[in-house]
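Participant: show me how the following folds:
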Amino acid sequence: MGKPICPFLTPQYPDIMQNIQSYIVENESRFLEELFSLIRIPSISAHLERKPDIERCAVRWKELLLEAGADKAEIIPSEGNPFVYAEKHVSDTAPTVLIYAHYDVMPAEPLDLWHSDPFEPEVRDGHIWARGADDDKGQSFIQVKAFEYLVRHNLLTHNVKFIFEGEEEIGSPSLTGFLKAHRELLKSDVILVSDTSMLAPELPSLTTGLRGLAYWEVEVTGPNRDLHSGHFGGAVANPALVLCEMLAKMIDERGRITIPGFYDDVEELSAEERKMIASIPFDVEAYKRSIDVDEVRGEEGYSTIERNSCRPSFDICGIWSGYQGEGAKTVLPSKAYAKVSCRLVPHQQHEKIQQLFIDYFQSLAPKSVRVKITPLHGGEGYVCPISLPAYQAAERGFEEAFGKRPLAVRRGGSIPIISDFEQVLGVKTVLMGFGLESNAIHSPNENFSLDIFRKGIAAVVGFHLNYKG
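Facilitator: Residues are numbered from 1 along each chain as shown. Predicted coordinates for the structure are as follows:
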């Protein structure tokens, strides 16, 4: 079913890397059926009625980890959805790699936009089409099949642990407590995660940084009820207008966030980092065409890639007020709402930024309205040093499997659990992801390239062979 993986650039383990190609081709039918058995379980953490499916998926992962060669695997309950833990012990003196993944998926709606059943995977045009094909069942399956190959061929020289959770898509509410309660169980030298993306199929990349996040819901209240806009318009403050005026003051004419003290902990990019970012292939005209805008916009003095990965940002994620139904209704609303967020850069603490925003936004409110602000979510940013031995092992694995050295790229998104790993377990994480923008994660018609699936397995094998602790 498969085709040979591209030639390697001076592979350090040429015989082994050739053998892994043959192993993938010979076992691909089994691999896909095992992966599909996971995908067919609609483990949607956002839907409480899917709790039995969440538990079924955890059980299936336990079975697959044991079949792949783990010495033991168990399902560990938590305050929320269960965790799946497995391990392979090689030596008391060997380093330990902890592999993290999540087995929950996003809801599939709107279902009418899918070209096939989201929970009945199909192979079409060289891709797997299904919810979870990439995020994160497909990517985590890459890790497990690489582990299987190493165990079956007696090539594993360090200990491996797995921890899979079922709440990542709803913000991992149980994870921090679980980490604190199981520090000894999860003790390791490095954490490996495949839940990020590459720049393009021909441009492999390793994520070296993530932005943090602070998120709030804002409620602005004016009169004690909705009013007739003819009787009261022009005489009473309209909360929707006031909210828009307040939000408009959050960004100045230079594209900078106006919260006092917001930039105090922002680390400026070095000339070397900016040079490295500038070397990343990026076509701004294609970028604009892809999202159908005529002009990019952001903080003055920074490129588009710097703005969406290395600099903080402020966004309105949702805004609503007043009458939303069909036709006209002349109403002056009593309340207006917005959901707003800041993407943060490393060293900005989300709890500090949350309070700075609350204090500042409250200060912008006129006496004609009352403002309530509720923090909803937050997390720290993260940076992985490229001098880290595990990073260099991942870099080598990519080079051997994809035929070129991966670019080091900071990403604009947030994975708060990565900073939790460092803060609670005291361990750095290597983000060895294989997704693509075109994989449409969280959207209808999520998919995953079979070619990258195969190369990903080889790349992770390369990581383990090159990692010496």
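
Participant: just checking, what packs against the helix or strand where M17 lies?
Facilitator: Element membership of M17 [criterion: DSSP states H and E] is helix 14-39. For helix 14-39, the elements it packs on are helix 51-68, strand 127-129, helix 137-152, helix 450-466, judged by 3 or more Cβ pairs under 8 Å, 6 or more residues apart in numbering; DSSP states H and E. To be clear about C-beta, it is placed using only N, CA and C from the backbone, and glycine gets the same treatment.

Participant: wait, doesn't A336 sit right on W320?
Facilitator: Yes. Here A336 reaches W320: they are 7.5 Å apart, a contact under Cβ atoms under 8 Å.

Participant: who's more crowded, these two?
Facilitator: A336 (23 against 13; other Cβ atoms under 10 Å).

Participant: tell me what the helix or strand that contains the more buried one is packed against?
Facilitator: Using DSSP H and E, A336 sits in strand 335-344. Applying 3+ Cβ pairs under 8 Å, 6+ apart, one finds that strand 335-344 contacts strand 212-221, helix 239-248, strand 313-321, helix 350-364.

Participant: could I get the helices and strands packed on helix 14-39 as a markdown table with distance to R396?
Facilitator: Listed next are the helices and strands packed on helix 14-39 as a markdown table, based on distance: least, Cβ to Cβ, whole Å:
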| stretch | distance to R396 |
| --- | --- |
| helix 51-68 | 23 |
| strand 127-129 | 27 |
| helix 137-152 | 14 |
| helix 450-466 | 4 |
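
Participant: need the ones you listed in a markdown table (columns: mean neighbour count and mean pLDDT).
Facilitator: Shown next, in a markdown table, are these (neighbours: other Cβ atoms under 10 Å; pLDDT from 0 to 100):
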| stretch | mean neighbour count | mean pLDDT |
| --- | --- | --- |
| helix 51-68 | 19 | 98 |
| strand 127-129 | 22 | 98 |
| helix 137-152 | 25 | 98 |
| helix 450-466 | 25 | 97 |
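
Participant: about what we covered before: residues in contact with the strand holding A336?
Facilitator: For strand 335-344, contacts defined as Cβ atoms under 8 Å, 6 or more residues apart in numbering pick out 211-222, 239-240, 242-243, 247, 250, 257, 312-322, 350, 353, 357, 376, 380-381, 412, 414.

Participant: just stretch 70-85 next, same as before
Facilitator: By Cβ under 8 Å, 6+ apart, stretch 70-85 touches 45, 51, 54-55, 58-59, 61-62, 65-66, 86-89, 103-104, 161-167, 173-174, 177-178, 182, 185.

Participant: tell me what angle the helix holding M17 forms with helix 450-466.
Facilitator: Taking axes from the mean of the first three to the mean of the last three Cα atoms, to 10 degrees, one finds that helix 14-39 is oriented at 120 degrees with respect to helix 450-466.

Participant: list the buried residues of helix 14-39.
Facilitator: 16-17, 20-21, 23-24, 27-28, 31-32, 34-36, 38-39 (16 or more other Cβ atoms under 10 Å).

Participant: for stretch 242-252, same thing?
Facilitator: V242, L243, C244, M246, L247, M250, I251.

Participant: residues in contact with that stretch?
Facilitator: 218, 220, 222, 257-259, 314, 316, 319, 321, 336-338, 340, 361, 364-366, 368-369.

Participant: can you count the residues close to the nearest residue to F463 once chain neighbours are set aside?
Facilitator: Nearest-residue entry for F463: G397, 3.9 Å, with adjacent residues in sequence omitted and distances by Cβ to Cβ, 6 or more residues apart in numbering. Neighbourhood size, G397 [other Cβ under 10 Å]: 28.

Participant: sorry, back to before: quick check: which of the helices and strands packed on strand 335-344 is nearest to S279?
Facilitator: Nearest to S279 among the helices and strands packed on strand 335-344 is strand 313-321 (22.9 Å), distances taken as Cβ to Cβ.

Participant: which parts of that closest one are buried?
Facilitator: S313, F314, S321.

Participant: repeat that for stretch 225-242.
Facilitator: D226, L227, S229, F232, A237, N238, P239, A240, L241, V242.

Participant: out of those residues, who's nearest P444?
Facilitator: Using Cβ to Cβ, the buried residues of stretch 225-242 come closest to P444 at A240, 31.7 Å.
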